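Visitor: Below: sequence and its predicted model.
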Amino acid sequence: METVPSPEQHSERQELTRMIDRAVAALPPDFREVILLREVEELSYKEIAAMLDLPIGTVMSRIARARKLLQTQLKEAVG
């Protein structure tokens with residue numbers, strides 16, 4: 001059975017979405033590009049590497065660094 005979120009829960013989710021959007025927008029362009037292709041477009045590392053003409057190791061490194069930056073930014077925003 002699916003429950004409908006309360007107005008408070010809905011508001012909290014909207015705020016979390018805004019915080020994530022701001023954190024992603026604040027990433028350096030190279031990191032923002034790969035994290036969006038991976039997490040939003042759900043492309044594989046191999047597909048991203050081919051699309052951006054980058055070595056797969058570079059893609060993996062940028063994604064890892066982007067995730068770490070996002071984690072840091074969101075921790076600062078929440079706490």
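Guide: That came in fine, so what should we check first?

Visitor: okay, the lengthiest helix in the chain in CSV with CA atoms only?
Guide: For the chain, the longest helix by residue count, based on DSSP state H, is helix 56-78. In CSV, the C-alpha atoms belonging to helix 56-78 read as follows (Å, rounded to 0.1, in the frame of the first residue of the first chain):
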residue,chain,number,x,y,z
ILE,A,56,37.6,5.5,-19.0
GLY,A,57,40.0,6.1,-16.0
THR,A,58,39.5,9.8,-16.4
VAL,A,59,35.7,9.3,-16.4
MET,A,60,35.9,7.1,-13.3
SER,A,61,38.1,9.6,-11.5
ARG,A,62,35.9,12.6,-12.3
ILE,A,63,32.8,10.8,-11.2
ALA,A,64,34.4,9.8,-7.9
ARG,A,65,35.6,13.3,-7.3
ALA,A,66,32.2,14.8,-8.2
ARG,A,67,30.5,12.5,-5.8
LYS,A,68,33.0,13.5,-3.0
LEU,A,69,32.4,17.2,-3.7
LEU,A,70,28.6,16.7,-3.7
GLN,A,71,28.8,14.8,-0.4
THR,A,72,30.9,17.6,1.2
GLN,A,73,28.6,20.3,-0.1
LEU,A,74,25.5,18.6,1.0
LYS,A,75,26.9,17.9,4.5
GLU,A,76,27.7,21.5,4.8
ALA,A,77,24.2,22.6,3.6
VAL,A,78,22.5,20.2,6.0
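
Visitor: Just give me how far it sits from the chain centre.
Guide: In terms of C-alpha atoms, centre = their mean, to the nearest Å, the centre of helix 56-78 is found 8 Å from the chain centre.

Visitor: Tell me which other helices or strands that helix touches.
Guide: For helix 56-78, the elements it packs on are helix 7-26, helix 29-39, helix 45-52, judged by 3 or more C-beta pairs under 8 Å, 6 or more residues apart in numbering; DSSP states H and E. C-beta coordinates here come from the backbone N, C-alpha and C atoms, glycine included.
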